[in-house]
Structure formats: structure tokens, C-alpha cells
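> any chance you can model this:
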Amino acid sequence: MNLLVTINENYIYLFKIMLHSFFLNNPDERKVCVYLLHSEISGEKLNELELYCARYGARFVPIMVDSRLFDNAPTNKRYPKEMYYRLFAPLILPKDVERILYLDPDILIINPVKKLWETDLGGCVFAAASHAGLTEITTGINFARLNIDHEYYNTGVLLIDLNRARKITRAEDIFRCVNEYEKNLFLPDQDVFNVLYGKYTLPLEEVIWNYDVRNYSKHKLKSAGKYDSFWVMKNTAILHFCGKKKPWRKNYKNAFGFLYKHYMNLAEKAHDIVMEEYI
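Numbers count the residues shown, from 1 in each chain. From the prediction side, this is the model:
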């Protein structure tokens, strides 16, 4: 199984928590290769990450990206240049890598993901889940501002057929899209993905493969109580802590915050790691 992350040094701690949760709940995955696309992570930190992956028997492959390619792309503190790297992944990753699973650092993997990895894309290039939001109004807004007629996909969990993706990914298309929609880009790289590649994407079941924890009450209500916390713990594979409020901060009050802190504690004890104050 090939995993992909695109982070800077500020997210290393979170990447470690995510990876720890992956291996705890996917013990049968013996051949895992973790690819990291980055621009400025120090050699010391890369060696640290290589040792971290090696403890799980995983191979670690860091690939440096020239960040100057994104000098004119919209970014901010919350959305750094690294977020665009998943869009360029088909052009950057080695040609012999045929399939990869991209994962945001702000997620927990609480059940096996083998079924996701083995998903038949049926001719599609990508597979992703759609987060409808707290109200269905969000869907209509996304359709209007981006001029799309398909589901709006969250790219925090993204399965990619790299062989097919290499045939449709062009740097000029990505930069053109950024310039064309610049004033309407709320989540820049995710918006660009939906404009350019949404039509090539196979929808995944959100409550299994990319569960937005902010929508816990909504899912429980819509399912007439079926999707309670017991159901989630048994059936959901990936919890995604979307939004500005994050579970590693003391003031976090949303669902599953205690679960995230539990995994933080497990990883810190297992690997003697410490969360930086700026996270």
C-alpha cells in the first residue's frame, strides 16, 4: 500500500499521530510505502521521519518539490503551498508507482482501509467522498461559485490511479484554473480539484471513508439514531477533523475529541514524541 502526505515541518507531529493510528488499526499491512512531498523540511527531520516509519516496517520516500512553482498561487497560514502538491502528485511521484492513497494529517484511521485501497475505480481516475455540510445549501453554493454539476469532493482522503492521472494532469491547467477562479476559491486546492477533476472521481461513502466529525449529529439524526458513536467506532475507517477547530487543542469540544487525544497519548508514549506549542 502506498500512502501520500504533503506537509511542512509544522505538521510533522500530526503526521506521526495519523500514521500511528494507521498502523495500530491496519496490522496486516506489511508492505507500506509512505511518500512525502515537501519543499523545506530539514535533513534532520527527514531522518527522524524515516526512523519513525521504519519502526512500523514501512518505507519512507521524501521528495522535494520546488516551491517557487507556486509563488503566484493563493496561500495563507492555514493553506500553505504544500496543499497544492497533491494536485501535482501524478507528475512528481515515480512512474513505477501506480496507485496511491493521499491522507491529510488531521485525520485518524480507526479501522482497516484495505477495502478502500482495493476499490475498483471502474475507469475513474480518483475516488473521494463528498461532505454535504451542515445544510444542503453548501452544495448549491459550490455548484454556483465553481460552475460544477457533480458532487463537491473533499480531498482530505483521495485514492488516485496514477497511471490514469498522469494522462490528464497538466501544470498549465492547474495554474489557469487558479487564475480564473481566484476570487471564488475558498479552499484553493480542493476547489481546483473539483473544477478540473471532479468529473473523473468515483464517489465514496462519507461515513466510512472520510467522516467529517463536525457532522456527527447530522448523520445520527438522518439515520434515525443508527449512526451513533458505537456504530462509528465499529464501521467508520477514517475520521476527519475538518475546519479551524482542531482536536489537539485544549479548547476543542466537538465529537471524538477525546478519541483523538487518546491516540495522541498512545503515540507519545510509544515514540517519546512531544507536541510543539505552535500547532
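
> ok, then the element right after the lowest-mean-pLDDT helix or strand in the chain?
Here the helix or strand of the chain ranked lowest by mean pLDDT, DSSP states H and E is helix 137-146, holding a mean of 58. Downstream of helix 137-146, the first helix or strand assigned by DSSP states H and E is strand 153-161.

> paired strands for that next one, with orientation please.
Sheet pairing of strand 153-161 (DSSP bridges) gives strand 99-103 (antiparallel), strand 126-130 (antiparallel).

> pretty sure Asn111 contacts Trp231?
No: Asn111 is beyond contact range of Trp231, at 11.7 Å (criterion: Cβ atoms under 8 Å). For the C-beta atoms, the positions are set from N, CA and C on the backbone; glycine is no exception.

> mind listing the strands for the protein?
Ranges of strands within the chain are 2-6, 33-38, 59-64, 99-103, 107-109, 126-130, 153-161, 201-204, 211-212, 238-240, based on DSSP state E.

> quick one: which of the ones you listed is nearest Glu48?
Each of those has some distance to Glu48 by Cβ to Cβ; the shortest is strand 59-64, at 10.1 Å.

> chain center to that closest one: distance?
Distance, stretch centre to chain centre, for strand 59-64: 17 Å (Cα atoms, centre = their mean, to the nearest Å).

> where do the helices of the stretch 1-150 of the chain begin and end?
12-25, 43-54, 85-92, 114-117, 137-146 (DSSP state H, counting those that start in this stretch).

> can you add distance to Lys244 and mean neighbour count and give the ones you listed back as JSON lines?
Converted to JSON lines, the helices of the stretch 1-150 of the chain look like this (distance: least, Cβ to Cβ, whole Å; neighbours: other Cβ atoms under 10 Å):
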{"stretch": "helix 12-25", "distance to Lys244": "15", "mean neighbour count": "21"}
{"stretch": "helix 43-54", "distance to Lys244": "26", "mean neighbour count": "15"}
{"stretch": "helix 85-92", "distance to Lys244": "20", "mean neighbour count": "21"}
{"stretch": "helix 114-117", "distance to Lys244": "27", "mean neighbour count": "15"}
{"stretch": "helix 137-146", "distance to Lys244": "16", "mean neighbour count": "14"}
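
> in a markdown table: the ones you listed, plus distance to Phe256.
As requested, these are exported to a markdown table (distance: least, Cβ to Cβ, whole Å):
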| stretch | distance to Phe256 |
| --- | --- |
| helix 12-25 | 12 |
| helix 43-54 | 24 |
| helix 85-92 | 24 |
| helix 114-117 | 19 |
| helix 137-146 | 21 |
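
> what's the closest of those helices to Leu158?
Across the helices of the stretch 1-150 of the chain, the minimum distance to Leu158, taken as Cβ to Cβ, is reached by helix 85-92, at 6.6 Å.

> which helices and strands sit right next to the closest one?
Using 3 or more Cβ pairs under 8 Å, 6 or more residues apart in numbering; DSSP states H and E, the elements in contact with helix 85-92 are strand 2-6, strand 33-38, strand 99-103, strand 153-161, helix 162-168, helix 171-181, helix 188-197.

> one more time with 7 Å
strand 2-6, strand 33-38, strand 153-161, helix 162-168, helix 171-181, helix 188-197 (3 or more Cβ pairs under 7 Å, 6 or more residues apart in numbering; DSSP states H and E).

> of all the ones you listed, which lies closest to Ile208?
Proximity to Ile208 (Cβ to Cβ) singles out strand 153-161 among the helices and strands packed on helix 85-92, at 10.3 Å.

> rounded mean pLDDT for the closest one, please.
In this model, strand 153-161 carries a mean pLDDT of 96.

> I'd like the distance from it to the chain centre, please.
In this view, strand 153-161 has its centroid 7 Å away from the chain centroid, taken as Cα atoms, centre = their mean.
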